[in-house]
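Novice: Return atomic coordinates for the entry below.
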Amino acid sequence: MARLTGGINFEGSMDNFSAYKRRDMDVIILRRKGGASKKQIQTSDSFVNTRKLNVEWAGCSMAGKAIRNAIHPLKHLADYNISGFLNAIAKTIQKQDIVSEYGKRNICFSKYRDALDGFSLNKTQLFDSVFRGSFTYEFFKDTVSAKIDFSSIWPTIHLSNVRKYPMFRFIACLGIVSDFQYNENLEAYQPVNIENSSKYCTLNSEWFYVPKMVEAFSLELNFDVLPILTDSDSLILGIGIEFGNSIGTQIVEPIKCSGSGKILRVN
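Specialist: Residues are numbered from 1 along each chain as shown. You can find the predicted model right below:
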């Protein structure tokens with residue numbers, strides 16, 4: 001992989017090279033085309049392990065997508081492409097399966113839930129840097145719910161509001177992600193509990209004015225229809241903060257790319 005510098009700036013294909021940008025990088029990546037043909041990879045005995053690896057990676061991509069969907073209300077707060085990092089976490093968990101056949105190893109989030117604890121959606125504005133206030137949280141497995149309790153907030157003390165945005169609010173979400181396993185009949189990966197995987201509920205706080213002290217408050221997350229959890233299901237609790245501008249007396253417009261978020265814990 002090479003990077004274009006020195007005033008050369010283009011994207012697309014040129015002769016035997018392709019140039020493209022990644023969301024999490026400011027430079028243009030230059031890559032040479034080539035390698036084995038698609039037919040060779042699909043049929044040649046030399047690529048048996050490659051095919052198995054591709055199947056497993058497809059499963060990791062599906063698992064990563066399931067996590068993204070489970071925290072969907074927070075995705076717009078990310079300042080980089082989180083997909084590859086979530087896929088990589090799924091791959092790490094998949095490698096822990098030393099029982100299943102190579103090419104069909106399971107992705108058991110339920111066994112390694114702490115692998116996602118504290119996962120940040122940001123690189124430049126970490127949630128813990130933007131908001132330095134105090135809060136606690138707890139899960140309730142029997143009711144498939146969660147609660148976040150915030151202590152009083154003094155915005156001038158507890159917020160890092162460099163751009164002096166006038167308003168802010170919190171976004172909380174509770175999602176479900178299921179373990180993934182290889183389905184012999186489909187010859188592909190799928191969630192163990194298809195009914196629950198990627199479901200979520202979300203709740204926003206009211207908009208708060210930056211100059212004013214905010215009294216202690218709570219955000220209680222509950223599903224409209226109670227999901228039936230299995231041992232293969234994991235609850236993902238996420239939190240985010242975003243800033244806004246007041247439009248008129250009752251309307252607040254969120255400011256793009258102004259907030260941050262993270263996964264608090266997986267239970």
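Novice: For the strand or helix carrying Gly59, give the mean pLDDT please.
Specialist: Secondary-structure assignment from DSSP states H and E places Gly59 in helix 48-70. pLDDT averaged over helix 48-70 equals 88, rounded to a whole number.
Novice: Mind listing what's buried along that helix?
Specialist: 55-56, 59-70 (16 or more other C-beta atoms under 10 Å). C-betas here are computed from N, CA, C, even on glycine.
Novice: again, but for stretch 160-179
Specialist: Buried residues in stretch 160-179, counted by 16+ other C-beta under 10 Å: 161, 165-179.
Novice: likewise stretch 242-260?
Specialist: Using 16+ other C-beta under 10 Å, the residues of stretch 242-260 that count as buried are Glu242, Phe243, Gly244, Val252, Pro254, Ile255, Ser258, Gly259, Ser260.
Novice: I'd guessed the last one sits against Leu159; true?
Specialist: This points to Ser260. No. In this structure, Ser260 is not within contact of Leu159 by C-beta atoms under 8 Å, at 11.5 Å.
Novice: Please enumerate the shared neighbours of these two.
Specialist: When C-beta atoms under 8 Å, 6 or more residues apart in numbering defines a contact, the residues bordering Ser260 and Leu159 alike are Val130.
Novice: Return the residues in contact with Ala172.
Specialist: Ala172 makes contact with Ala146, Ile148, Thr202, Leu203, Asn204, Ser205, Leu219, Leu221, Leu237, Gly238, Ile239, Gly240, according to C-beta under 8 Å, 6+ apart.
Novice: Then it would be within a strand, right?
Specialist: Yes. Assigned with DSSP: H, G, I helix; E, B strand; the rest coil, Ala172 falls within a strand.
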